[in-house]
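> The sequence isn't on hand, but the structure is:
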């Protein structure tokens, strides 16, 4: 575990150290989990202000980073660093810790699939010493917290970066300074904050601006926003490019290296990947056609790091599903439940319905509201209902304010429910044997309630 001196930390934070200098290694923003000798950083959030908990942590913490003077502190045994802004201090501290690491850093963003790709990359690299984003800690607080967990003996550090408004990714990319930067795709997630797909692309591709010299940009070949790319080493993944487009991309990117990983569907749940005139077969243990493109992104990242393709494929083939992302459960009476309620946007919803449509049984969708879709919210929800109808879905159930537009457009066998009790009653009495039900919505819809209800109900 790497040790850092408080005097050096204060210097990098443009702060003033009060009390004795000492070596520290652990940092926390949560007073409930503060451990002996941790550095506590007082962060003001929407609900709580860390400064209100100083007296709770003062006995255990070795140092407190604060924007206020601390009274009732024994500077012979405890220390504190005073700064102008603790969020800024959080970022500057993570930059300092990142600068001490010799690991290769990977940064991943995109509208859909970034958490799955991150988990895939972590799984592929699991034979090495790695540190990676846990859960969904991908914002202006989560990224620094992941950096704080570095032991400084890692081979690779994998960082997921999220955004729902313009200007959020680049400051975090400046912290990470990636050796490989990947954008999974450009879609309608958080379109309310971005206004249009061009802005979404500009925001996501700002990740590439902070790429280290000789680093590699990993780009989905379906995202045609080339004006957002600067020159540098690039690896495109996805459906096959035409010869002219490949040639033009290489010419525009000269003298840097430009490579292409082709993802080609051979049959259901079996794909062929091609790069540098080499073909590799892949069969995933997880569900959904879109996950092969996630695998293509993860494969591209690891190829850029010099990992052998045979090792990558072996790891991908035993990669297990991520919680609440197209998780398939087999219930009694030949009922299948697809839990995809972790989150939702128009692109990911269509991908999930496409997977549902591959089943031969009676097919149902249970939809919760999608959020952050802006002025076109009604249209986006209605389009999901129409898409489900065209894909041969048999019934469409919805709960929430805007999901009603989807079930209305679905028409016959489209049902909207005003509350949990009426929906559970319907599920209990009308879910037929030999059915498959997809449950999906944004996090705020809290659809896990219906997943658990179906898994635990007695028939």
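Done, it's in. Note that the structure is predicted; figures quoted are calculated from it, not measured. Numbering: from 1, shown residues only.

> Please count neighbours and contacts with C-alpha atoms only from this point.
Noted.

> Low-confidence regions, the protein specifically.
The chain contains residues with pLDDT under 70 at 1, 226-228, 243-244, 268, 458-459.

> quick check: domain ranges of it?
Domains of the chain are assigned by automatic domain parsing as 4-83, 101-317, 327-456.

> quick one, helices of the stretch 101-250 of the chain?
114-124, 142-148, 169-176, 191-194, 197-205, 243-252 (DSSP state H, counting those that start in this stretch).

> export those to TSV and tack on distance to residue 297 and mean neighbour count?
Output for those, formatted as TSV (distance: least, CA to CA, whole Å; neighbours: other CA atoms under 10 Å):
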stretch	distance to residue 297	mean neighbour count
helix 114-124	7	23
helix 142-148	21	23
helix 169-176	19	21
helix 191-194	23	20
helix 197-205	15	21
helix 243-252	18	12
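
> can you tell me which of these comes nearest to residue 340?
helix 114-124 (12.6 Å; CA to CA).

> Identify the residues contacting that closest one?
For helix 114-124, the external contacting residues (CA atoms under 8 Å, 6 or more residues apart in numbering) are 108, 130, 132-133, 136, 158-160, 183-184, 294-295, 297-299, 301-302, 311-312, 315-316, 319, 322.

> Over to stretch 404-418?
Applying CA under 8 Å, 6+ apart, the contact partners of stretch 404-418 are 378-379, 381-386, 388-389, 394-400, 403, 423.

> which of these are buried?
The neighbour-count test (16 or more other CA atoms under 10 Å) applied to those identifies 378, 381-386, 388-389, 394-400, 403, 423 as buried.

> and those residues, which of them are in helices?
Among the buried ones among the contacts of stretch 404-418, the ones falling in helices (DSSP state H) are 378, 381, 382, 383, 384, 385, 386, 388, 389, 423.

> Using JSON lines, lay out those together with distance to residue 223.
Shown next, in JSON lines, are those (distance: CA to CA, whole Å):
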{"residue": "378", "distance to residue 223": "25"}
{"residue": "381", "distance to residue 223": "23"}
{"residue": "382", "distance to residue 223": "25"}
{"residue": "383", "distance to residue 223": "22"}
{"residue": "384", "distance to residue 223": "22"}
{"residue": "385", "distance to residue 223": "25"}
{"residue": "386", "distance to residue 223": "25"}
{"residue": "388", "distance to residue 223": "25"}
{"residue": "389", "distance to residue 223": "27"}
{"residue": "423", "distance to residue 223": "39"}
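
> re earlier: who wins for proximity to residue 94 among the helices of the stretch 101-250 of the chain?
Comparing these under CA to CA, the one sitting nearest is helix 142-148, at 5.2 Å.

> That closest one: how far from the chain's middle?
Centre-to-centre, helix 142-148 and its host chain are 14 Å apart (CA atoms, centre = their mean, to the nearest Å).

> and what of stretch 416-431?
Offset of stretch 416-431 from its chain centre (CA atoms, centre = their mean): 32 Å.

> in it, what's buried?
So stretch 416-431, judged by 16+ other CA under 10 Å, has buried residues 416, 417, 423, 424, 427.

> ok, now stretch 53-60?
In stretch 53-60, counting by 16+ other CA under 10 Å, buried: 54, 57, 58.

> same check, this time on stretch 351-368
For stretch 351-368, a neighbour-count test (16+ other CA under 10 Å) marks 352-357, 361-368 as buried.

> Tell me the one of the ones in helices among the buried ones among the contacts of stretch 404-418 nearest residue 447?
Distances from these to residue 447 were compared by CA to CA; the smallest belongs to residue 423, at 11.5 Å.

> which residue is nearest the middle of the chain?
Against the mean C-alpha coordinate of the chain, by CA atoms, centre = their mean, the closest residue is residue 115 at 3.3 Å.

> What helices and strands are in contact with the longest strand seen in the chain?
The residue-count maximum for a strand in the chain (DSSP state E) belongs to strand 258-267. When contacts are defined as 3 or more CA pairs under 8 Å, 6 or more residues apart in numbering; DSSP states H and E, strand 258-267 packs onto strand 233-238, strand 270-275, helix 290-304.

> Given it, what are its sheet partners and their directions?
Applying DSSP bridges to the sheet, strand 258-267 is found paired with strand 233-238 (parallel), strand 270-275 (antiparallel).

> Pick the most deeply packed of those strands.
Mean neighbour counts were taken over the strands paired with strand 258-267 using mean count of other CA atoms under 10 Å, and the top value, a mean of 24, falls to strand 233-238.

> Tell me what angle it forms with helix 243-252.
160 degrees (axes from the mean of the first three to the mean of the last three CA atoms, to 10 degrees).
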